[in-house]
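Asks: predicted structure and sequence below. I'll ask about it afterward.
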Amino acid sequence: MSDSGYDLRSLTGKLSQVVGEGNVLLDEPMSKHTTFKIGGPADVFVIPEDTGELESVLEIVRSAHQSFFVLGCGSDLLVSDEGYRGAVIDLADGLLSVGYDGHCMTCQAGVPLKEASEMACELGLEGLEFACGIPGSVGGACFMNAGAYGGCMADVLESVRTINSAGVLQTIAVADLDLGYRTSRVRKENLIVVEATFRLHRGVSEDIRARMDELTVRREQKQPLELPSAGSTFKRPKGFYAGKLITDAGLQGYQVGGAAVSMKHAGFVVNLRGATSADVHAVIRHVQDEVFRQFGVHLEPEVRFLP
Ligand SMILES: Cc1cc2nc3c(=O)[nH]c(=O)nc-3n(C[C@H](O)[C@H](O)[C@H](O)COP(=O)(O)OP(=O)(O)OC[C@H]3O[C@@H](n4cnc5c(N)ncnc54)[C@H](O)[C@@H]3O)c2cc1C
């Protein structure tokens, strides 16, 4: 029995029957699955390879009354040093197929956004250029309504196929997805994205490539991509820019343990070397306190905390 009182052997046995032994890992360090390179072990880490397997995994986890967490590329996550008690269901290593039909491209949830935008470019389909440097999965991007450089998922999605906690599959049109700034119905209703269909425009591959290259250069110049992070640590507060407030508060370079406010872009907390989740939390708290004290603005984290 685990600390949380359930029979791990029985759970992993059932999961292995569905996804194969190699796709069920025990005590898997989450630091291996997050762009922050931080996070303790997940009790069970399971990798379904198609929608049917995902449905069965959910059914098994539900019957075992286990908590579970759906993982994409881990690029917006701060996992605690104690890790996660329950099952992490990793979609970014399994649900990876892409198809297209005319102006539409359908990607399973685990497809990296970068790959989706590369594919669209090769097909001469315009619209996904904004996403070429976002290191998340299609599923995670729908959950967050990820966006950059004036574009976001709401602009390009046609529909999303989801599964809910009771195992019911549903296709939701973009108009019903309630997409807002870093939020969505997927997030509000704890839905799991299985696949997403993008409606794009016919364009010229060379022009699309040029736009992607331009955005990549802008990103490389401004963001500390050479260090592990989870992107922008804070949401943009109404009427302000988080990075500017943090710089103006004199917090660039502020460091606790291995975590620090980036010198290149104050909106990013980076893992300089061996940072713990506790280090990052301490930096976040201090930045929030100081920015509030100096400017009266509350910075809300954009990064998701697990648990
Ligand atoms: C260097 C860097 C730059 C970044 N730049 C940007 C940017 O320009 N714009 C931007 O918006 N973000 C940016 N991000 C943040 C991040 O890449 C996005 O938020 C991305 O959409 C997260 O996707 P993910 O697959 O990594 O999700 P994860 O981090 O794995 O998960 C985030 C949340 O999404 C949920 N989730 C994941 N997959 C699914 C699914 N299939 N169904 C339901 N829920 C799911 C998880 O449960 C979790 O709650 C950046 C991050 C980094 C490290």
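Replies: Here it is on my side, so go on. Numbers count the residues shown, from 1 in each chain.
Asks: surely Met212 is in a helix?
Replies: Yes. Read with DSSP: H, G, I helix; E, B strand; the rest coil, Met212 is one of the residues of a helix.
Asks: ranges for the helices of the chain?
Replies: Remark: helices assigned in the chain by DSSP state H are 8-19, 51-63, 113-122, 138-144, 153-156, 185-188, 205-222, 242-248, 277-295.
Asks: show me what from the stretch 151-300 of the chain comes close to the ligand.
Replies: Val186, Ile192, Val193, Gln223, Leu225, Ser229, Ala230, Gly231 (C-beta under 6 Å from any ligand atom). Yep, even glycine has a C-beta here, placed from its N, CA and C like the rest.
Asks: next, format the residues you listed as CSV and append neighbour count and distance to Ser80.
Replies: Converted to CSV, these look like this (neighbours: other C-beta atoms under 10 Å; distance: C-beta to C-beta, whole Å):
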residue, neighbour count, distance to Ser80
Val186, 23, 23
Ile192, 22, 22
Val193, 26, 24
Gln223, 19, 25
Leu225, 18, 25
Ser229, 27, 17
Ala230, 24, 14
Gly231, 21, 19
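Asks: so which of those comes closest to Ser10?
Replies: Of all these, Ile192 has the smallest distance to Ser10: 23.5 Å, by C-beta to C-beta.
Asks: residue contacts, that closest one?
Replies: If you count contacts by C-beta atoms under 8 Å, 6 or more residues apart in numbering, Ile192 has them with Leu54, Leu58, Val70, Leu91, Ala109, Gly139, Thr162, Ile163, Asn164, Val186.
Asks: got a markdown table for the residues of the stretch 151-300 of the chain next to the ligand, with pLDDT too?
Replies: Converted to a markdown table, these look like this (pLDDT from 0 to 100):
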| residue | pLDDT |
| --- | --- |
| Val186 | 97 |
| Ile192 | 98 |
| Val193 | 98 |
| Gln223 | 98 |
| Leu225 | 98 |
| Ser229 | 98 |
| Ala230 | 98 |
| Gly231 | 98 |
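Asks: return the most buried member of the helices of the chain.
Replies: When the helices of the chain are scored by mean count of other C-beta atoms under 10 Å, the highest mean neighbour count falls to helix 138-144 (a mean of 28).
Asks: how far does that one sit from the chain's center?
Replies: 7 Å (C-alpha atoms, centre = their mean, to the nearest Å).
Asks: now stretch 220-233
Replies: Centre-to-centre, stretch 220-233 and its host chain are 15 Å apart (C-alpha atoms, centre = their mean).
Asks: separation between Glu206 and the ligand?
Replies: Noted for Glu206: a distance of 24 Å to the ligand, by C-beta to the nearest ligand atom, to the nearest Å.
Asks: tally of neighbours for Gly267?
Replies: Counted with other C-beta atoms under 10 Å, residues neighbouring Gly267 total 25.
Asks: residues contacting the nearest residue to it once chain neighbours are set aside?
Replies: Nearest non-adjacent residue to Gly267, counting by C-beta to C-beta, 6 or more residues apart in numbering: Gly243, 3.5 Å away. Taking C-beta under 8 Å, 6+ apart, we find Gly243 in contact with Ser232, His265, Ala266, Gly267.
Asks: so who does Val186 touch?
Replies: Val186 neighbours (C-beta under 8 Å, 6+ apart): Cys142, Phe143, Val160, Thr162, Leu177, Ile192, Val193.
Asks: isn't Ser229 right next to Leu272, touching?
Replies: No. Look at Ser229 against Leu272 with C-beta atoms under 8 Å: they stay out of range, at 10.3 Å.
Asks: circling back to that earlier point, which of the contacts of Val186 sit farthest apart?
Replies: Farthest pair in the contacts of Val186 (C-beta to C-beta) is Leu177 and Ile192. Separation: 13.9 Å.
Asks: let me see the domain layout of this protein.
Replies: Using automatic domain parsing, the domains assigned to the chain come out as 8-90, 98-207, 224-306.
Asks: residue ranges in the stretch 1-150 of the chain under the pLDDT threshold?
Replies: 1-6 (pLDDT under 70).
Asks: how about the residues of it by the ligand?
Replies: Within the stretch 1-150 of the chain, the positions near the ligand by C-beta under 6 Å from any ligand atom are 35, 69-77, 91, 109, 134-137, 139-141, 143-144, 146-148.
Asks: great, nothing more from me.
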